[in-house]
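Peer 1: Turn this into a structure:
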Amino acid sequence: MTISKDQLENRAYTSDATAFNLRLGGKSHPEQRDCPMDVPPATQVNPDGTVTFRFYAPNAAAVEVGHMREEPTPMVKGEDGVWTATLSFPFPGMKEIRWRVDGVDVMSPFAPIAFGFGRPVNYVDIPCPEQDYLMIRDVPHGGVVREYYKSTVTGQWESCLVYLPPQYYTEPERRFPVLYLQHGGGENENCWIYEGKTNFIMDNLLSEDKAVPAIIVMNNGMVQMPDGNGGWQVDSDRLQDLLTEDCIPFIDGRYRTLTDAWNRAYAGLSMGSLQGGRLFMERRDLFASAGLFTGFRYPPFRSHENQDFLHAMDDVEAFNKTVRLFFIAVGKNEASLSKVEGEDRFLTEQGIHHVYRAYPGDHEWHTWRACLHEYLQLLFR
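Peer 2: Next up, the predicted model:
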């Protein structure tokens, strides 16, 4: 793999949730806040797709680095106190990174920061030559707005991110379809923007007339509910209630939306895919389209036998009449590939109209970005 200079330097890859501008480096001593930077950036993507990692820890006995899902690799210490290692990955894309210093997992303030695995994480984004549709280009850009709404489900203020296409600003009389887009387990509403690059994908598709202009709404699917003891616990099964009782009415009341089911869609990855399978089947009155990236028949945090929502497909003819787009997709290297292939066979045998895709990649953003890119091109057609 060879990555072009344009991709390596494109701001879509180098910005993160904490800052749009480049993360240049840092000071080796806290008191040198006004001095030139002398600690190099913690991550450097090389043209061949490898990544050079650096960590400043002059007093450490051992420093390691690697993907969050794997055991880290030992780094080599230089005379300047900077530890270095160059690693390769099976696929390009966004990789959550762990650093281990003397046996303790830490974060680097000099590496990009995202949210995953239930906490802030460092990461590196390796551009893929075949996914140049993620790049920020000189095209009309939509806006990303953070909204706040009071939830009757959680009893708290909740927040969502809303992508508005460029046409929302230039065509003030127009109303738009809406996609509700959900992340995976341990993530939050920021992830489809900062990790998934949804806004740039949609901007580029719209500039080429390859997608229908739509509003995209992203909520936190790790819904926090009172635990009865004065604390809070995650109940991801309540996402359906949060969307249908609170968020959808809020969005329809605040934005110029098309409010019928034919013009409302759902999509989600991993946990968001499983949440969406149930929601799509049970609320045919609200959603005519679904994009389920990594399966739909295994509800999260429930027994596999509790799949009553599948009865929505018992009347195949009626189901097909109300479906505008049923899209399921998976990475070819995912552990769940056989399960999703089984779902494709199940739908085909039932006579359910659907689209099935498998993309190169594992259970990671490289795959889900590809899923979204194609789904948006088929949506609301």
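Peer 1: hang on, isn't G93 packed against H363?
Peer 2: No. Between G93 and H363 there is no contact under C-beta atoms under 8 Å: 11.3 Å. (C-beta placed from N, C-alpha, C; glycine too.)
Peer 1: quick one: which of the two has more around it?
Peer 2: Between G93 and H363, counted using other C-beta atoms under 10 Å, G93 has the larger neighbour count: 23 against 20.
Peer 1: Now the closest residue to V234 other than its chain neighbours: phi and psi?
Peer 2: Of all residues not flanking V234 in the chain, M222 sits nearest, at 4.9 Å (C-beta to C-beta, 6 or more residues apart in numbering). For M222, the backbone dihedrals (degrees, to the nearest 10) come out as phi -80, psi 70.
Peer 1: could you list every residue that touches M222?
Peer 2: G118, G185, G186, E187, N188, V234, S236 (C-beta atoms under 8 Å, 6 or more residues apart in numbering).
Peer 1: Kindly report the same for A114.
Peer 2: D16, A17, M94, E96, P120, V121, N122, Y123, N190, C191, Y194, E195.
Peer 1: Look at it and give its secondary structure.
Peer 2: Secondary structure assignment for A114 (DSSP: H, G, I helix; E, B strand; the rest coil): strand.
Peer 1: Isn't G361 up against T367?
Peer 2: Yes. The criterion here is C-beta under 8 Å, and G361 meets it with T367 at 3.5 Å.
Peer 1: who touches both of those two?
Peer 2: G93, G331, E334.
Peer 1: When G361 and T367 are compared, which one has more neighbours?
Peer 2: Shown here are G361 and T367; by other C-beta under 10 Å, T367 has more neighbours (26 against 23).
Peer 1: Who are the packing partners of the helix or strand the more buried one falls within?
Peer 2: Assessed by DSSP states H and E, T367 sits inside helix 365-378. When contacts are defined as 3 or more C-beta pairs under 8 Å, 6 or more residues apart in numbering; DSSP states H and E, helix 365-378 sits against strand 93-101, helix 198-207, strand 264-269, strand 289-293, strand 325-331, strand 355-359.
Peer 1: Pull out the buried residues from it.
Peer 2: By 16 or more other C-beta atoms under 10 Å, the buried positions in helix 365-378 come out as W365, H366, T367, W368, R369, A370, C371, L372, H373, Y375, L376, L378.
Peer 1: could those residues go into CSV alongside distance to I352 and pLDDT?
Peer 2: As requested, these are arranged in CSV below (distance: C-beta to C-beta, whole Å; pLDDT from 0 to 100):
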residue, distance to I352, pLDDT
W365, 28, 95
H366, 28, 95
T367, 23, 96
W368, 23, 97
R369, 26, 97
A370, 23, 97
C371, 19, 98
L372, 22, 98
H373, 24, 98
Y375, 17, 98
L376, 22, 98
L378, 16, 98
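Peer 1: Go through the residues you listed and name the one nearest I3.
Peer 2: Distance to I3 across these (C-beta to C-beta) is lowest for H366, with 13.6 Å.
Peer 1: what about burial for the contacts of M222, which qualify?
Peer 2: Buried residues within the contacts of M222, counting neighbours by 16+ other C-beta under 10 Å: G185, G186, E187, N188, V234, S236.
Peer 1: Of the residues you listed, just say which sits nearest to L164.
Peer 2: Nearest member of those to L164, counting by C-beta to C-beta, is N188, at 20.2 Å.
Peer 1: Just the local confidence number for the residue lying closest to that closest one once chain neighbours are set aside, please.
Peer 2: Among residues not flanking N188 along the chain, N220 sits closest, at 4.7 Å (C-beta to C-beta, 6+ apart). N220 carries a pLDDT value of 96.
Peer 1: returning to what we had before: TSV please, covering the buried residues of helix 365-378 and showing distance to Q7.
Peer 2: Listed next are those as TSV, based on distance: C-beta to C-beta, whole Å:
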residue	distance to Q7
W365	16
H366	14
T367	19
W368	19
R369	14
A370	16
C371	20
L372	19
H373	16
Y375	23
L376	21
L378	26
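Peer 1: Okay, now the unreliable bits of the protein?
Peer 2: Judged by pLDDT under 70, the chain has its weakly predicted residues at 24-37, 298-306.
Peer 1: Centroid-wise, who is the farthest residue in it?
Peer 2: Residue farthest from the centre of the chain, counting by C-alpha atoms, centre = their mean, is E79 at 39.3 Å.
Peer 1: Strands along the stretch 1-150 of the chain, start to end?
Peer 2: Here the stretch 1-150 of the chain has its strands, by DSSP state E, counting those that start in this stretch, at 43-45, 51-56, 63-67, 73-74, 76-77, 82-87, 93-101, 104-106, 113-116, 119-126, 143-150.
Peer 1: List the contacts of the last one.
Peer 2: When you say that, I think you mean strand 143-150. 156-164, 168-169, 193, 199, 246-247, 250-251, 254.
Peer 1: give the contact list for P127.
Peer 2: Contacts of P127 (C-beta under 8 Å, 6+ apart): I3, Q7, L8, N10, Y13, V45, P92, L134.
Peer 1: For it, which non-adjacent residue is spatially closest?
Peer 2: Closest to P127 by C-beta to C-beta, 6+ apart is Q7, at 3.9 Å.
Peer 1: So what's the residue count around the one you found?
Peer 2: 21.
Peer 1: surely it meets Y133?
Peer 2: No. With contact defined as C-beta under 8 Å, Q7 does not count as touching Y133 (11.3 Å).
Peer 1: wait, what's in contact with V153?
Peer 2: V223, M225, R238, D241, L242, E245, D246.
Peer 1: same thing but 7 Å
Peer 2: R238, D241, L242, E245, D246 (C-beta atoms under 7 Å, 6 or more residues apart in numbering).
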